[in-house]
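J.: Curious how this folds, go ahead:
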Amino acid sequence: MTPQIRHIIHADLDAFYAAVEALDNPELRGLPVLVGGRPEGRGVVATASYEARKFGVHSAMPMATAVRQCPDGIIIRPRFDRYREVSAQVMHIFRDVTDVIQPVSLDEAYLDVTAASEDRSPIAIAIDIKERIAAEVGLTISVGLGTGKCVAKIASDLQKPDGLVVVPVGQEAEFLAPLAVSKLVGVGPKSVARLNADGVHTIGQLAEMPDAWFSRQFGKRGASISDHARGIDHDPVQTTREAKSISSETTFPDDLADPSELRAVVERLSGSVAGSLARKGLSGRTVTTKMRLSDFTTFTRQTTLGHPTNDTDAIIATAWTLLERELEPGRAFRLLGVGVSGFTAEGDDETPPTPAVEQRRLNL
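T.: Down below sits the predicted model:
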């Protein structure tokens, strides 16, 4: 029996925080908007509008640097509660299409539209999502459509903003082949440098390497990266209906050591987690910060609060406290993650446990 062809959408709102600010204040449209902290207070850029990005501004950049590069930039302090509200509107539109949704952050999600495509084409579904978000929310979203999550995510990034890239069934490897290896999920900057030194510059060149080579280069991740390079991807869209925790993490293009840059990342990740909790009507007692150092040492720090929360500021404060204790001279981070667990549904009246702290370290 021939397996059913999957149809996966990766949807990514364009310059989300900046776009929401322009939505609420139309006078900002077409202007270089910098969402983040003040430059005099060691603030960093959380999101920049595309007009600001033309000057080389990007997220996690110190705001002082951004202002030097884009002197006419308009600085706006983040409003996470508003971003969560708009994100909920977008997720509601997604749920009108399918129940198989994996939110990645406030502005990004995977949708498995295989079942929905029995009634209409996957392309029609993607177009409808874009049109509804534009009409009902007032934002643009870039969409990638393919048979797997990896291909769909790469596709959604190719024609931003307001893009729609469809990878036809059976043409996944052909689509990926000319793209730089840095586009492939799971291949970070150090891996890119190593691959380039070995003469591997495109995903197509990577796909031609033998299986044993992938194991030597990537260890236990080798098989997965090999499959993805060849357009093979069976990773499911993971719904979080029964999740024991909600988290968000990011791997940096370059290792970060500056506290102000790290703080901005914690704020962004915490806002994403808080938004997911609020959408599900959940609160959690345990906040976890995940860290990976430049030498790939990975560890977590977590604390259990006296009362459950889904408040953005509370999660930011707790996650930052856990990270701040780990800041040492010469220590740089390649990954950060923030998570919340120990759920209660809104309205639960359970007696909270005694606050406790648990720590564990994984050497990977």
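J.: For Phe218, which non-adjacent residue is closest in space?
T.: Nearest residue to Phe218 in three dimensions, chain neighbours excluded: Ile225, at 5.3 Å (C-beta to C-beta, 6 or more residues apart in numbering). (Glycine included, C-beta is placed from N, CA and C.)
J.: My guess is that neighbour contacts Trp213. True?
T.: No - using C-beta atoms under 8 Å, Ile225 is not in contact with Trp213, being 10.8 Å away.
J.: Those two: who's more crowded?
T.: Ile225 (22 against 15; other C-beta atoms under 10 Å).
J.: Would you mind measuring from that one to Thr147?
T.: 18 Å (C-beta to C-beta, to the nearest Å).
J.: swap in Val90?
T.: 24 Å.
J.: Also His7?
T.: Applying C-beta to C-beta, the value for His7 to Thr147 is 7 Å.
J.: For the nearest residue to Gly30 once chain neighbours are set aside, grab phi and psi.
T.: Nearest residue to Gly30 in three dimensions, chain neighbours excluded: Glu51, at 6.4 Å (C-beta to C-beta, 6+ apart). Glu51 adopts backbone torsions of phi -60, psi -40, taken as degrees, to the nearest 10.
J.: What of Gln69?
T.: Here is the backbone geometry of Gln69 (degrees, to the nearest 10): phi -80, psi -30.
J.: Check which residues of stretch 325-336 are buried.
T.: 333-336 (16 or more other C-beta atoms under 10 Å).
J.: Between the two ends of it, how far is it?
T.: Stretch 325-336 has an end-to-end distance of 14 Å (C-alpha to C-alpha, to the nearest Å).
J.: Could you give the separation of that stretch from the chain centroid?
T.: Distance of stretch 325-336 from its chain centroid, counting by C-alpha atoms, centre = their mean, to the nearest Å, is 21 Å.
J.: contacts for it?
T.: Stretch 325-336 has contacts (C-beta atoms under 8 Å, 6 or more residues apart in numbering) with 188, 249-252, 255-257, 259, 262, 265-266, 269, 289-294, 296, 298, 301, 323.
J.: and the buried residues of stretch 325-336, which two are the farthest apart?
T.: Using C-beta to C-beta, the buried residues of stretch 325-336 span at most 8.8 Å, a distance reached by Arg334 and Leu336.
J.: any chance you could map the helices in the chain?
T.: 16-24, 50-53, 63-69, 80-97, 122-132, 149-156, 172-176, 189-197, 203-207, 211-218, 222-229, 259-280, 312-324 (DSSP state H).
J.: Of the ones you listed, flag the one that's most buried.
T.: helix 149-156 (a mean of 25; mean count of other C-beta atoms under 10 Å).
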